[in-house]
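S.K.: I need the structure of the sequence given here:
(chains A and B)
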Amino acid sequence: MAVAATISQRKRIKRKAPRGFLKRVFKRQKPHLRLEASCDLLVHLNCLLFIRRLAEEARTDACKNKCGVIKDQHVLAAAKVMLKKSRG
Amino acid sequence: MADSDISDNEPTTRTLLRRVLDTEAPRTPRRRQSTRAGVQRTPLGTPFSMRLRSQTKTTAGRQPHRARSIGRLAHTQTRGQLKEQTPRTLLENILLTAPESSMVMPESVVKPVPAPQGVQFSRRESSPGSLELQLPELNAPATLAPGRLTSGRRKKRLRLSEFQQGMDQGLPLSQGPVTEPPGNTGASSLSSSLNLTFATPLLPQSVQRPGLARRPLTRRAVDVGIFLQDLQDTSVATALPGDRTPVATLPTDTVLEDTQPFSQPLIGCSPSVHHSIPSPSLSAERTVSRRTWSSGPGLQNNSPRKPAQLLAGKAEEVDALAMGFPNTSSSTSGEDGLEPLLGGVGEEVEERMEESMSLSEVKEAAGAQASARAEEPEAHTEVAEAEGSWGATEEKEPEGSSGDKDTEARPELASSTPEFPQARQLEFLEPAPPTSTAVLSSEPLEPLSARLPTRVQTAGPRLRQDPYKMGLSHYAKLFSFYAKMPMEKKALEMVEKCLDKYFQRLCDDLDVFAAHAGRKTVRLEDLELLMRRQGLVTDRVSLHVLVEQHLPLEYRQLLIPCAFSGNTVFPAQ
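M.R.: Numbering: from 1, shown residues only, chains lettered A, B, ... in the order given. Here you go, the predicted structure:
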């Protein structure tokens, strides 16, 4: 397949998704469920977007408090907001 | 042209020649032109091609060379016998006369080959311009023999190595018959090569992995040292604390005899004393800092696990520390030498400690603590028994002071040790210097065998937690990258906690969505629905756009269906 041909050219993927880790986490949480083939990649995408938004939120929190360093209380506040947003 | 056909990779000469004969009609005028062009090349190539041709019969391996040699042979032959014999006829003769050569049995082929080759050689000799060819022809049979010998050598080598492995008696026996047959040039070389083969099987194993051959030595030295130190410490500890002795003796005995984690509650208070002893012995003079206390016992706990850790791949640090060991002869000098080492390591340990403290609430930490506690007393008791060289006075003094602090340090240690593999390894390295100084004097290797069974048991619960934490830390690093601002370590721990909660929520949502669709498998549409509800996917921004923006190309190809040649779509919908 053409996909295989292109992948073989570049064997090292930058920012690999920890597919095994995600699969294991899901299995541990929901042993009765099964994940489809490429679903863990979308889960990884979801995590990336979540972390990105969380980082943005934490950065704005820290800047609001005129802190040059992100502290755990900033992260906590940001996480509260984000988890509420990512309720689904 | 025949050359073009020949240049294709074919499995055997035979098929190649057949192809040539089938496809190409005899075109002698063109051949002559090509031979004139190729004449310049052929004088250089003929000896090489002849030899190759002879060798290819024995070893079916080099197809392109064979192809070229065949082409050049054709050229030379036409040049030599201008119109008498075409390459086509020659090739046909080859096909008729030469037997099928297989890779498995080169020797059987070798014998019939000289016969047809001799026929061909005679033909060439008859040609007027083939004087040059005579030399390579003579060389060819000579080269045949060594080729045969090499193949024989290879076969013989295997048998000889088997003999050697089996018994020493087989060596002279096998050597006898082997040296007899090669009466040719290679007789002495054969025997010498045979002699070499006896030696070679041993070498490659160590040469391939030189690092592993050396590692066990360093490992044992350290472990034994810790063992001895702990033994001495326990012996001293039992002598000093009067109120603690009854408690200490019981758990130590139980710990020594049965290494199950359920023996923790008995060991609860006493092991802390034992833990305190080894570290204070060396770090007594040092400014008592939480990290050194915690690092000391924690390090010793991890010392039995050290071999396993080393195998994981941190032998470099151990070697570096091992180098530092000889520098520290006495305890005081050892401490000074250790300080810089520990100073650099202690910072990271402190960080780990802080992280571990905050994360100790997690259930996993509690489980790890239990296992860690079980591991620690085992290690300490064993090591204490082995030791005997340290001055008891040094240990007596710090015991009383360290006893209080160790109890505080213990829970931190327990949580810290299992959680962070890096910290653990660093902790391993830390106890190595203090223990090695005592170890270097005289360390028997006996305690290792006693420790091996304990190591295996502790491997289980630790591994369960590590990959999970490692996965979370992977995402935490991404967080620090996205934030583009310096962050505290506590903030990273907080991020990991949030990620944990997020994963739980994610799994629950996916479960609900799949159940709503009446499925037991989570599919892509479930995930798309989740992202839509989260507000990531909108009418303006589709899932494919997000995939293209944030995922690398390889994953993009797996997720977004794309049309390929041959009217195929991947991934299939």
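S.K.: Check the offset of the helix or strand A:Arg24 falls within from the chain's centre.
M.R.: A:Arg24 belongs to helix A:19-29 when assigned by DSSP states H and E. Here the centre of mass of C-alpha atoms in helix A:19-29, compared against the chain's by Cα atoms, centre = their mean, to the nearest Å, lies 13 Å away.
S.K.: ok, then the element right after that helix?
M.R.: Next along the chain after helix A:19-29, taking DSSP H and E as the criterion, comes strand A:34-35.
S.K.: That following strand and chain B, any residue contact?
M.R.: Yes: looking at strand A:34-35 against chain B by Cβ under 8 Å from any Cβ of the partner chain, the contacts come from A:34-35. C-betas here are computed from N, CA, C, even on glycine.
S.K.: low-scoring stretches of chain B, by residue?
M.R.: Using pLDDT under 70 as the threshold, the predicted model of chain B has low-confidence ranges B:1-11, B:24-84, B:98-224, B:236-464.
S.K.: Repeat that for chain A.
M.R.: Low-confidence segments of chain A (pLDDT under 70): A:1-10, A:88.
S.K.: ok, which stretches of it are helices?
M.R.: For chain A, the helices identified by DSSP state H occupy A:2-9, A:19-29, A:39-64, A:72-85, in order along the chain.
S.K.: Out of those, indicate the one that is most buried.
M.R.: A comparison of the helices of chain A by mean neighbour count, using mean count of other Cβ atoms under 10 Å in any protein chain shown, puts helix A:39-64 on top with a mean of 21.
S.K.: Give me the residue at the spatial middle of chain A.
M.R.: When Cα atoms, centre = their mean is applied to chain A, the residue found nearest the centroid is A:Cys47 (1.9 Å).
S.K.: Report the contact partners of the residue nearest to that residue when sequence neighbours are not counted.
M.R.: Using Cβ to Cβ, 6 or more residues apart in numbering or on different chains and skipping residues adjacent in sequence, the residue nearest A:Cys47 is B:Tyr475, 5.9 Å away. Residues near B:Tyr475 by Cβ atoms under 8 Å, 6 or more residues apart in numbering or on different chains: A:47, A:51, B:495-496, B:499.
S.K.: go with 10 Å
M.R.: B:Tyr475 makes contact with A:18, A:21, A:44, A:47-48, A:50-51, A:54, B:495-496, B:498-499, B:502-503 under the criterion Cβ atoms under 10 Å, 6 or more residues apart in numbering or on different chains.
S.K.: show me the contacts for the residue nearest to the centre of chain A.
M.R.: Residues A:17-18, A:22, B:474-475, B:478, B:499, B:502-503, B:506 are the ones in contact with A:Cys47 under the rule Cβ under 10 Å, 6+ apart.
S.K.: Ignoring the adjacent residues along the chain, who's closest to A:Ala55?
M.R.: Once its chain neighbours are removed from consideration, A:Ala55 has its nearest residue in B:Tyr482; the separation is 3.6 Å (Cβ to Cβ, 6+ apart).
S.K.: doesn't B:His550 make contact with the one you found?
M.R.: No: proximity of B:Tyr482 to B:His550 does not meet the contact threshold set by Cβ atoms under 10 Å, at 11.1 Å.
S.K.: Name the residues contacting each of the two.
M.R.: Overlap between the contact sets of B:Tyr482 and B:His550, as judged by Cβ under 10 Å, 6+ apart, is given by A:48, A:52.
S.K.: re earlier: need the next SSE after the host helix or strand of the residue nearest to A:Cys47, C-terminal direction.
M.R.: Element membership for B:Tyr475 (DSSP H and E) is helix B:446-483. Going down the chain from helix B:446-483, the next helix or strand is helix B:489-516, by DSSP H and E.
S.K.: helices and strands around that following helix, which ones?
M.R.: Other elements packing on helix B:489-516 under the criterion 3 or more Cβ pairs under 10 Å, 6 or more residues apart in numbering or on different chains; DSSP states H and E are helix A:19-29, strand A:34-35, helix A:39-64, helix A:72-85, helix B:331-359, helix B:446-483, strand B:521-522, helix B:524-534.
S.K.: For it, buried residues please.
M.R.: Burial within helix B:489-516, assessed by neighbour count using 16 or more other Cβ atoms under 10 Å in any protein chain shown, is assigned to B:490-500, B:502-503, B:506-507, B:509-511, B:513-514.
S.K.: Equivalent analysis for stretch B:550-563, please.
M.R.: Going by neighbour count (16+ other Cβ under 10 Å), the buried part of stretch B:550-563 is B:550-551, B:554-559.
S.K.: What of stretch B:472-491?
M.R.: Counting neighbours by 16+ other Cβ under 10 Å, one finds that the buried residues in stretch B:472-491 are B:472-476, B:478-480, B:482-483, B:485, B:487-488, B:490-491.
S.K.: So what would you say the end-to-end distance of it is?
M.R.: 13 Å (Cα to Cα, to the nearest Å).
S.K.: Let me know the closest of the contacts of B:Tyr475 to A:Met82.
M.R.: Distances from the contacts of B:Tyr475 to A:Met82 were compared by Cβ to Cβ; the smallest belongs to A:Leu54, at 5.0 Å.
S.K.: and the closest one, what does it touch?
M.R.: For A:Leu54, the contact set (Cβ under 10 Å, 6+ apart) comprises A:75, A:78-79, A:81-83, A:85-86, B:475, B:479, B:482-483, B:495, B:498-499, B:502.
S.K.: again, 6 Å this time
M.R.: For A:Leu54, the set of contacting residues under the criterion of Cβ atoms under 6 Å, 6 or more residues apart in numbering or on different chains consists of A:78, A:82.
S.K.: cool, B:Val547 as well?
M.R.: With Cβ under 6 Å, 6+ apart as the criterion, the residues that contact B:Val547 are B:556, B:559-560.
S.K.: again, 8 Å this time
M.R.: When contacts are taken as Cβ under 8 Å, 6+ apart, B:Val547 is in contact with A:42, A:45, B:555-556, B:559-560.
S.K.: Reformat these as a markdown table; add distance to B:Val541.
M.R.: Supplementary listing: the contacts of B:Val547 in a markdown table, determined by distance: Cβ to Cβ, whole Å:
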| residue | distance to B:Val541 |
| --- | --- |
| A:Leu42 | 15 |
| A:Leu45 | 13 |
| B:Tyr555 | 18 |
| B:Arg556 | 16 |
| B:Leu559 | 16 |
| B:Ile560 | 15 |
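S.K.: for the helix or strand containing B:Leu21, which positions count as buried?
M.R.: Element membership of B:Leu21, judged by DSSP H and E, is helix B:13-23. Buried residues in helix B:13-23, counting neighbours by 16+ other Cβ under 10 Å, are found at B:13-14, B:16-17, B:20-21.
S.K.: Out of the residues you listed, flag the one nearest to A:Asn65.
M.R.: Nearest to A:Asn65 out of these is B:Leu16 (Cβ to Cβ; 78.5 Å).
S.K.: Quick check: closest non-adjacent residue to B:Cys507.
M.R.: Distances taken as Cβ to Cβ, 6+ apart place A:Gln29 nearest to B:Cys507, at 4.0 Å, with adjacent residues excluded.
S.K.: I'd say the one you found and B:Gln504 touch.
M.R.: Yes: with contact taken as Cβ atoms under 8 Å, A:Gln29 and B:Gln504 are classed as touching, separated by 6.4 Å.
S.K.: what comes into contact with the helix holding A:Arg24?
M.R.: The contact list for helix A:19-29, computed with Cβ under 8 Å, 6+ apart, reads A:33, A:35, A:40-41, A:43-44, A:47, B:467-468, B:470-471, B:474, B:503-504, B:507-508, B:510, B:522.
S.K.: coming back round to it: and the helices of chain A as CSV, adding distance to B:Gln229?
M.R.: As requested, the helices of chain A are exported to CSV (distance: least, Cβ to Cβ, whole Å):
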stretch, distance to B:Gln229
helix A:2-9, 53
helix A:19-29, 38
helix A:39-64, 45
helix A:72-85, 38
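S.K.: could you check the distance from B:Leu558 over to A:Leu76?
M.R.: Distance of B:Leu558 to A:Leu76, computed by Cβ to Cβ, to the nearest Å: 36 Å.
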